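*Asks:* Need a 3D model of the sequence below.
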Amino acid sequence: MSIVSIIGAGRIGAALAERARNADLPVDLITRTDGWEGLRSSEGPVLVAVRNDGLGEVVERTPEPRRRDLVFVQNGAIRERLAELGVGDADRGLVYFLVASRGGPVVGGQASIFTGRLADEVAAWFRALGLAARAVDRATFPAYEWEKHVWIAAHGVLCPALAATVGEVGTTHRTQLMELVAEWAAVGEAEWGVRTPPDELVGRLTVYSAEIQDYRPTLKAFDDRNGWFVDAAARRGLPAGVHLRLVEQADAELGAQARERYRAISRGR
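*Replies:* Residues are numbered from 1 along each chain as shown. Predicted coordinates:
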């Protein structure tokens, strides 16, 4: 098995590197300041585990011949961002586990999903770490991409708006989750061509939530998550009332900005 390089020593990157060392698997952990020179001489997958706002720096600092080995695992609608950075055809991954704090345990057992040239190799590496994973083809990936995007954005607004954990959203507040997912269904079809019935999607979302039921996500990486839904709905002339009300309930200032953003895009459509 090839050595796997991990860019990003945060919660996810550090946890994966530790599991690899414990499994006696070769791994290089690249931090903001150290390890970049090794990319010039090494081979194998390069797992990108940085925050969304660090993607540009990663692409810029990665030697051009090695950019084809990058595997991006960020949440949110990053496909447009990757295209702008010149790596729109890069390998992608959707990680279905939680590391609540740096040095904390990996929680969750649902299979992570990978696609692209190195997908089989990366999935095998994850399984060698004791983490469920599988590879899918590029035509299949958007349905999983949409599902994870909806999960992180929906719970990112519902949890703070309702003062609830993801587990409580899937049980006590399931009606509100269904209303939000139903509003977004038309956005998914218009933007990504995904047609997943809302009740079926909610069912799958709550299965993952049950594995990490005490987690409380927040409204962060707004432009790639909830902000993307605001903009996409406005561009397509689709309603966003349920979502906008929840954003205002979660964060009044951010909610006011999101509502004005929706109006401005709608007027310029």
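
*Asks:* what's around the nearest residue to Asp251 once chain neighbours are set aside, how many residues?
*Replies:* Nearest in space to Asp251, with sequence neighbours left out and distances taken as Cβ to Cβ, 6 or more residues apart in numbering, is Leu219 at 5.8 Å. Bear in mind the C-beta positions are built from the backbone N, C-alpha and C, glycine included. Residue crowding around Leu219 was assessed by other Cβ atoms under 10 Å; the count is 21.

*Asks:* Can you verify Leu219 is assigned to a helix?
*Replies:* No. Going by DSSP: H, G, I helix; E, B strand; the rest coil, the assignment for Leu219 is coil, not a helix.

*Asks:* From what I see, it and Glu253 are in contact.
*Replies:* No. Leu219 lies out of contact with Glu253 (Cβ atoms under 8 Å); the separation is 10.9 Å.

*Asks:* The protein - how does it break down into domains?
*Replies:* Domain assignment of the chain by automatic domain parsing yields the ranges 4-135, 141-268.

*Asks:* Dump these to TSV, plus mean pLDDT.
*Replies:* Shown next, in TSV, are those (pLDDT from 0 to 100):
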stretch	mean pLDDT
domain 4-135	94
domain 141-268	96
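
*Asks:* picking that back up, what residues are up against the residue nearest to Asp251?
*Replies:* 156-157, 160, 225-226, 247, 250-251, 254 (Cβ atoms under 8 Å, 6 or more residues apart in numbering).

*Asks:* how close does it sit to Val247?
*Replies:* 7 Å (Cβ to Cβ, to the nearest Å).

*Asks:* Residues contacting stretch 192-199, please?
*Replies:* Taking Cβ under 8 Å, 6+ apart as the rule, stretch 192-199 contacts 142-143, 145-147, 178, 181-182, 185, 188-189.

*Asks:* buried subset of the residues you listed?
*Replies:* Neighbour-count burial (16 or more other Cβ atoms under 10 Å) is assigned, among the contacts of stretch 192-199, to 142-143, 145-147, 181, 185, 188.
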